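**Q** Structural data only, the sequence is not supplied:
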């Protein structure tokens, strides 16, 4: 996680940053990922329609949701846990909303681990997209009717 997002924030910083989501003021839904009773990461989902101007910048389609995710335990990386975590998250949370038509997830083009995880789930990579600040990202997509 630190490779892509920098030094992890303190619990107080996390609580302050996520207060709007935790209080219900922001419609983003946040979940803690657990493995055998141990907190190992986080997932969250939101509707791109609620996240302008980024939705326009990445070309989000009507009805698409976004998601963010991470596993915060280095020893658990590269073991297929992320793909399992996201597969369950997509089925039980994201696509449980009948209005969600698909998911698109902007990721840094250098983040091959994240891309491989999404690829296992059937996401299509798409073309590189230049973004603000000189970043280049892929915006992998997965449609609801992927089966």
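**A** Noted; the coordinates are in hand. Because the structure is predicted, anything quoted here is derived from the model rather than measured.
**Q** what are the phi and psi values for the residue positioned nearest the centre of the chain?
**A** When the chain is reduced to its mean C-alpha position, the nearest residue by C-alpha atoms, centre = their mean turns out to be residue 68, at 2.0 Å. Recorded main-chain torsions at residue 68 are phi -130, psi 150, according to degrees, to the nearest 10.
**Q** Once you drop chain neighbours, what's closest to it?
**A** In space, and not counting its chain neighbours, residue 68 is closest to residue 44: 5.0 Å by C-beta to C-beta, 6 or more residues apart in numbering. (Glycine included, C-beta is placed from N, CA and C.)
**Q** Count the residues that sit near that neighbour.
**A** 17 (other C-beta atoms under 10 Å).
**Q** looking at this protein, which helix or strand does the model trust least?
**A** When the helices and strands of the chain are scored by mean pLDDT, DSSP states H and E, helix 2-5 comes last with a mean of 55.
**Q** Name the next helix or strand downstream of the longest strand anywhere in the chain, please.
**A** Ranked by residue count under DSSP state E, the longest strand found in the chain is strand 38-47. With elements assigned by DSSP states H and E, the helix or strand that comes after strand 38-47 is helix 54-58.
**Q** quick one: buried residues of that next one?
**A** 55, 57, 58 (16 or more other C-beta atoms under 10 Å).
**Q** Save these as TSV, and put in distance to residue 23 too.
**A** Rendered in TSV, the data for the buried residues of helix 54-58 read as follows (distance: C-beta to C-beta, whole Å):
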residue	distance to residue 23
55	23
57	27
58	27
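**Q** and residue 65, what does it touch?
**A** With contacts defined as C-beta atoms under 8 Å, 6 or more residues apart in numbering, the neighbours of residue 65 are 45, 46, 47, 48, 94, 97, 100, 102, 103.
**Q** among those, who's most crowded?
**A** The most neighbours of any of the contacts of residue 65, using other C-beta under 10 Å, belong to residue 103, which has 26 neighbours.
**Q** Quickly find the element holding that residue.
**A** When secondary structure is defined by DSSP H and E, residue 103 falls within strand 102-104.
**Q** In terms of helix, strand or coil, where does residue 145 fall?
**A** Under the three-state scheme (DSSP: H, G, I helix; E, B strand; the rest coil), the conformation of residue 145 reads as coil.
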